[in-house]
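>>> Quick one: sequence plus predicted model below, questions after.
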Amino acid sequence: MIRVHSSLIAMDTHTTPGTPVTLLGLGGMGTALARAWLGAGHPLTVWNRTPEKAGPLAGEGARVASTPAGAVASATGPVVLCLLDDASVEEALDGVDLTGKDVVNLTTSTPADARLRARWAVERGARFLDGGIMAVPPMIGRPETGGYIFYSGDRALFERHSGALEVPAGAKFVGEDPGHAALHDIALLSAMTGMLAGITHAFALVGAEKDLDRAGFAALLAEWLGAMSGTTHEMAAQLESGDYTEGVTSNLAMMTAGNDALLATAEDRSVDPRLLTPYMELMRRRVAQGHGDEGLAGMVGLLRGE
Ligand code: FVH
């Protein structure tokens, strides 16, 4: 049965345990979050700009608010935002009274935007936690997939609602600076972008081979990238100690010489090398500065213009 109260349309459900959650935004990710909370027995109030998207969730037990102000006014637990971008957060919460509310913003934003949004929320009397989602919708509510969410900002808010926040995906608190969740999120996505560039180049190289087993090649590639991922720890240790020759197994001079074979093969197979050459150029510059015996850590400073 659907009951209409002022700005809320409610479904009768059983008495459910768990912190009540209010969720603004029912796109692909918001809908997945909603189903995770409903499935775990958390009373859920939802709002979406296009109201039709809330229909199926009402049928699954969610209370549907007709305005963001109505949704927020009735909130006694976390008010979670999962909207397209920071501008949509601004628009959705324009004029909404946030006094005393616990705002958790899972909308992708830059670290700078997250800090501004935190100040904006606190000035309106709210507590604020920012989040960066390291998962795609099918991973939500499925811990075995390894998805998680970075959180930063108000630690007390995070601790108070950690039970609810851990329902959709693992929850990692990365500091009280509200920009840190976004910084972690963007850094990991940036690393992924570089990796995807490498994968694209590799498939372009082998692409012309008619008898190549692509599934077999994909398995080799995934295994190799996994084996090489330990580079992250080597680089962190070198950056920490300041000794960029520490624990080096493959030095820059050797790798730079090897780049010639990579470029010659790309040319031979008519593959555009531009996804690789900016990185190779950084390597060459560091070797030219006399650091051929180092690992990769010295290039971090080059990239930062130091
Ligand atoms: N989906 C994914 O794979 C990624 C995984 C990592 C994290 N992202 C971020 O999550 C945020 C939401 O993503 P989403 O997948 O839900 O995105 P959409 O399906 O495009 O839904 C967008 C929702 O935002 C609403 N919206 C857009 N503009 C406004 C506005 N001006 N005022 C109020 N709401 C707005 C939109 O409403 P409607 O179009 O249905 O009316 C959707 O609810 C995002 O930051 C990702 O980067 C997802």
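On my side now, so go ahead.
>>> drop to CA atoms for contacts and neighbour counts, all remaining ones
OK.
>>> which residues are in contact with the biggest strand by length in the chain?
Across the chain, the strand with the greatest residue count (assigned by DSSP state E) is strand 127-134. Outside strand 127-134, the residues that touch it by CA atoms under 8 Å, 6 or more residues apart in numbering are 100-108, 114, 118, 121-122, 147-155, 157-158, 178-179, 181-182, 184-185.
>>> The residues you listed in helices, which ones?
Judged by DSSP state H, the contacts of strand 127-134 include 114, 118, 121-122, 155, 157-158, 181-182, 184-185 as members of helices.
>>> what about stretch 193-204 and the ligand, touching?
No: contact of stretch 193-204 with the ligand (CA under 6 Å from any ligand atom) is absent, the minimum separation being 13.9 Å.
>>> sorry, back to before: what mean pLDDT would you report for the longest strand of the chain?
Mean per-residue pLDDT for strand 127-134: 98.
>>> Give me the sheet partners of it and which way each runs.
Using DSSP bridges, the strands paired with strand 127-134 are strand 102-105 (parallel), strand 148-153 (antiparallel).
>>> Can I get that strand as CSV, trimmed to CA atoms?
Output in CSV follows, covering the C-alpha atoms of strand 127-134 (Å, rounded to 0.1, in the frame of the first residue of the first chain):
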residue,chain,number,x,y,z
ARG,A,127,28.3,17.5,9.3
PHE,A,128,30.0,16.3,6.2
LEU,A,129,31.8,13.3,4.8
ASP,A,130,33.0,12.9,1.3
GLY,A,131,33.2,9.6,-0.5
GLY,A,132,34.9,8.2,-3.7
ILE,A,133,33.4,5.0,-5.0
MET,A,134,35.9,2.4,-6.2
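>>> Next to the ligand, which bits of the protein? Give me the list.
Counting by CA under 6 Å from any ligand atom, the residues of the chain close to the ligand are 25-30, 48-50, 82-85, 88, 91-92, 107-108, 133-137.
>>> does residue 97 count as helix, strand or coil?
coil (DSSP: H, G, I helix; E, B strand; the rest coil).
>>> now the strands for the stretch 1-150 of the chain?
2-5, 8-11, 21-24, 44-47, 63-65, 78-81, 102-105, 127-134, 148-153 (DSSP state E, counting those that start in this stretch).
>>> mind giving me JSON lines with those and columns for mean neighbour count and distance to residue 263?
Putting the strands of the stretch 1-150 of the chain into JSON lines (neighbours: other CA atoms under 10 Å; distance: least, CA to CA, whole Å) gives the following:
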{"stretch": "strand 2-5", "mean neighbour count": "11", "distance to residue 263": "65"}
{"stretch": "strand 8-11", "mean neighbour count": "18", "distance to residue 263": "62"}
{"stretch": "strand 21-24", "mean neighbour count": "27", "distance to residue 263": "49"}
{"stretch": "strand 44-47", "mean neighbour count": "27", "distance to residue 263": "53"}
{"stretch": "strand 63-65", "mean neighbour count": "27", "distance to residue 263": "57"}
{"stretch": "strand 78-81", "mean neighbour count": "25", "distance to residue 263": "46"}
{"stretch": "strand 102-105", "mean neighbour count": "26", "distance to residue 263": "44"}
{"stretch": "strand 127-134", "mean neighbour count": "26", "distance to residue 263": "34"}
{"stretch": "strand 148-153", "mean neighbour count": "24", "distance to residue 263": "38"}
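>>> will you turn these into JSON lines that also has distance to residue 223?
Shown next, in JSON lines, are those (distance: least, CA to CA, whole Å):
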{"stretch": "strand 2-5", "distance to residue 223": "52"}
{"stretch": "strand 8-11", "distance to residue 223": "49"}
{"stretch": "strand 21-24", "distance to residue 223": "39"}
{"stretch": "strand 44-47", "distance to residue 223": "42"}
{"stretch": "strand 63-65", "distance to residue 223": "46"}
{"stretch": "strand 78-81", "distance to residue 223": "37"}
{"stretch": "strand 102-105", "distance to residue 223": "36"}
{"stretch": "strand 127-134", "distance to residue 223": "22"}
{"stretch": "strand 148-153", "distance to residue 223": "23"}
